[in-house]
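Novice: coordinates only, sequence not included:
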């Protein structure tokens, strides 16, 4: 969810094939670029809070820098949609903070929030089991993000 131009989908499509790879975003311009960069990948225009897929449609659903842009009012709904469409795995790669921390983003307020996403998934979805987690720092080309992989019990 929130695939933008498909940078993360490139790696997935190499392993499972483009026709088995889906990206969802609300930015139609980014989806056009994705179509040119990754022919055959399914690029779907949709908000993350209303995913147009059947329950448990995918082996894995993931976000990478997407949940950070959800306000508290929509975060549980977006997370529930991600869990709903996943048959086996949910992966979240997001900025971490022990308490909700708003971060100014492109000179705007109310659009980027660091949180403990692992804890939020565990509180909201007891049917998920944490399988692994890690940290992606600046030395790896990331801006201090955490990742957490969950599986259905």
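Specialist: Yep, that arrived. Computed from a prediction, not measured in an experiment: that's the story for all the values here.
Novice: where's the residue sitting nearest the centre point of the chain, which helix or strand?
Specialist: With distances taken as CA atoms, centre = their mean, residue 63 lies nearest the centre of the chain, 0.9 Å away. According to DSSP states H and E, residue 63 maps onto strand 58-64.
Novice: ok, residues contacting that strand?
Specialist: Contacts to strand 58-64, defined as CB atoms under 8 Å, 6 or more residues apart in numbering, come from residues 1-2, 8, 22, 48, 82-83, 85-94, 145. C-beta: built from backbone N, CA, C; applies to glycine.
Novice: Of these, which count as buried by neighbour count?
Specialist: With burial judged by 16 or more other CB atoms under 10 Å, the buried subset of these is 1-2, 8, 22, 48, 82-83, 85-86, 89-94, 145.
Novice: Mind checking which of those are in helices?
Specialist: By the criterion of DSSP state H, membership of the buried ones among the contacts of strand 58-64 in helices covers 8, 82-83, 85.
Novice: Among the residues you listed, which pair sits farthest apart?
Specialist: With CB to CB as the measure, no two of those lie farther apart than 8 and 83, at 18.9 Å.
Novice: Please, where are all the helices along the chain?
Specialist: 7-16, 28-37, 75-85, 117-124.
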